[in-house]
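[1] Predicted model and sequence follow; I will ask about them next.
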Amino acid sequence: MATRRDLTAVSPDKLGKLPGFTRVERHSALFPKRATKPGEARALAKRALTATAAQAQPGKQPAAKPIKAARLTASDLAKLRAVHQSSAGTAEMIGQKLAPEQALGTAYSALVTYEYTKLKAERKARLAKGESPKRVDARWQQIVGEAAKAFAAGGLRGIKEADLDRFSSELTRSRANFNAVVEIANSARDVVAIPAGGPSTAAGNFVTVYDRFIDLNQIVIPTPADLCERPIEGKYTKHFSRSFSLSISIPYWCPTWSNPFKWCTKTVTIAGVAVSLGLEVGYRITCCGAIAWGQAYAQACVSILGRSTCVGCTARVIGLAGISRTGSGSSCSYGLGVNAELKCTVGGVTVFSASVPFGWTITGPCPPAILPCNTIG
């Protein structure tokens, strides 16, 4: 069983000291000048938040980069298994000192070796059933040649049958390691066949998971009676929890006995990641509008071969909108929509990106008729 390795939260007062950390931006919005009819505010808020989430369309996937195949060992496979079994896969990569390019290379070699191992078992079964040894051996030599080409595409040239057998022995040495590779192979989706012969250079990368979800639970902020005369400032914490799959998209050899030349591009899941962050939101409110800002960060870093590799997850406020104003006279309820962004990266590649709009309600005095409300004040 893999040891759980959670991301470590960074306190808001230390965020500015992180390398490459961007300054927290402030977002402002005015409340609508025209009052909303009673009972319509919540429906209006739902429509506005839904529209905000719908704008978070999936973006581009990371560019593929050459894969560096690994000379497979049980130790490499144990690291991959630990990541696969963890509920915090990105943090586990750091704990295992498994850099992103190493994870890609190990997964690639493990999948190619798994395909070789399956055909090796089929060869034995065919001979046991009395199939022509000459015909079986002829096919087997083709399989060995194609497996060697697969490793050459990953940068390992000159691989012989003895090397392939050694990789296969490393894969099957541990039942736990073998089962982890089988699970990764069986998770394949978005399978696309590649023309016979495969690529001369195998290239792949981690996959960005795009998501959007709406939180309709209204946050109510108490306000004083003199809101129009004296702005209030404060902070609150918004908690986010989300899970996603840590996946890679790679081309690799996917043969059958009848077609040992087959290649496929597949997206396979190597781990799951559970994100939990507390976004500290700061605000300044008047009866004309509001300003909001906020950011949270969790990270894990380690030095691998003199290079610092980090995985981190951020939450930050990226937008604010005035949605509604209900009531009249001395009491009004104001509706705001806050849009937050959740993002996780590993090795400079974004593996998760989500838009999270949520509602915000303030109850206080209505703005005086003589108040222009062209600025927040």
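    Good, I have the coordinates.
[2] Per-residue pLDDT of the closest residue to Gly89 other than its chain neighbours, please?
    Spatial nearest neighbour of Gly89, chain neighbours left out: Ala271 (2.6 Å); criterion: C-beta to C-beta, 6 or more residues apart in numbering. Yep, even glycine has a C-beta here, placed from its N, CA and C like the rest. As predicted, Ala271 sits at a pLDDT of 89.
[3] For the closest residue to Phe358 other than its chain neighbours, give me its contacts.
    Leaving aside its chain neighbours, Phe358 sits nearest to Asp215 (4.1 Å; criterion: C-beta to C-beta, 6+ apart). Under the criterion of C-beta atoms under 8 Å, 6 or more residues apart in numbering, the neighbours of Asp215 are Val356, Pro357, Phe358, Gly359.
[4] Output those in TSV; the columns should cover distance to Met93 and secondary structure.
    Formatted as TSV, the contacts of Asp215 follow (distance: C-beta to C-beta, whole Å; DSSP: H, G, I helix; E, B strand; the rest coil):
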residue	distance to Met93	secondary structure
Val356	25	strand
Pro357	31	strand
Phe358	31	strand
Gly359	36	strand
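[5] I'd like those residues as CSV, with distance to Phe167, pLDDT and neighbour count appended.
    Shown next, in CSV, are those (distance: C-beta to C-beta, whole Å; pLDDT from 0 to 100; neighbours: other C-beta atoms under 10 Å):
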residue, distance to Phe167, pLDDT, neighbour count
Val356, 44, 87, 24
Pro357, 49, 89, 26
Phe358, 50, 88, 23
Gly359, 55, 84, 23
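[6] now the strands for the protein?
    Assignment of strands within the chain using DSSP state E yields the ranges 8-10, 27-30, 65-66, 189-194, 203-206, 209-212, 215-222, 232-253, 263-285, 289-304, 307-328, 331-346, 349-364.
[7] Run the angle between the lengthiest helix in the chain and strand 263-285 for me.
    Counting by DSSP state H, the longest helix found in the chain is helix 100-128. Counting by axes from the mean of the first three to the mean of the last three C-alpha atoms, to 10 degrees, helix 100-128 lies at 150 degrees to strand 263-285.
[8] buried set for helix 100-128?
    Along helix 100-128, the positions that meet the burial threshold by neighbour count (16 or more other C-beta atoms under 10 Å) are 100-120, 122-123, 126.
[9] Please enumerate the helices of the stretch 1-150 of the chain.
    Counting by DSSP state H, counting those that start in this stretch, residue ranges of the helices within the stretch 1-150 of the chain are 41-54, 74-85, 89-95, 100-128, 133-153.
[10] Against which helices or strands is the last one packed?
    Yep, that's helix 133-153 we're talking about. The helices and strands touching helix 133-153, judged by 3 or more C-beta pairs under 8 Å, 6 or more residues apart in numbering; DSSP states H and E, are helix 100-128, helix 161-173, strand 232-253.
[11] what separates the closest residue to Lys79 other than its chain neighbours from Pro133, distance-wise?
    On the basis of C-beta to C-beta, 6+ apart, the spatially nearest residue to Lys79 that is not a chain neighbour turns out to be Gln96, at 4.3 Å. Remark: distance between Gln96 and Pro133 (C-beta to C-beta, to the nearest Å) = 44 Å.
[12] More neighbours: which of these two?
    Gln96 (22 against 11; other C-beta atoms under 10 Å).
[13] What residues does the more buried one make contact with?
    Per C-beta under 8 Å, 6+ apart, neighbours of Gln96: Lys79, Ala82, Val83.
[14] Domain ranges for the protein, per the record?
    Using automatic domain parsing, the domains assigned to the chain come out as 8-61+207-246+272-364, 65-206.
[15] any low-confidence regions in the chain?
    Filtered on pLDDT under 70, the chain yields the residue ranges 1-6, 16, 18-22, 53-57, 224-225, 300-310, 370-371, 377.
[16] what's the burial count for Arg47?
    Residue crowding around Arg47 was assessed by other C-beta under 10 Å; the count is 11.
[17] And it, how far from Thr345?
    For Arg47, the distance to Thr345 under the criterion C-beta to C-beta works out to 32 Å.
[18] Next: Phe167.
    Distance, Phe167 to Thr345, using C-beta to C-beta: 31 Å.
[19] Who are the contact partners of the closest residue to Ile250 other than its chain neighbours?
    Excluding its sequence neighbours, the residue lying closest to Ile250 (C-beta to C-beta, 6+ apart) is Gly204, at 3.2 Å. Listed by C-beta under 8 Å, 6+ apart, the contact set of Gly204 reads Ala64, Lys65, Ile67, Leu104, Tyr108, Ile248, Ser249, Ile250, Pro251, Thr265.
[20] follow-up on the earlier one: so the residue nearest to Gly89 makes contact with Ser243?
    No - contact status for Ala271 versus Ser243: not in contact, 11.0 Å apart, counting by C-beta atoms under 8 Å.
[21] neighbour count winner among these two?
    Using other C-beta under 10 Å as the criterion, Ala271 and Ser243 rank with Ala271 on top: 24 against 11.
[22] List the beta-bridge partners for the more buried one.
    In this entry, Ala271 is beta-bridged to Leu246, by DSSP bridges.
[23] Roughly how far does it sit from Gly204?
    Counting by C-beta to C-beta, the gap between Ala271 and Gly204 amounts to 16 Å.
[24] One more: Leu72?
    Leu72 is 17 Å from Gly204, by C-beta to C-beta.
[25] who are the neighbours in contact with the closest residue in space to Ser241 that isn't next to it in sequence?
    Here the nearest residue to Ser241 in space, its sequence neighbours aside, is Ser276; by C-beta to C-beta, 6+ apart that works out to 4.8 Å. Applying C-beta under 8 Å, 6+ apart, one finds that Ser276 lies in contact with His239, Phe240, Ser241.
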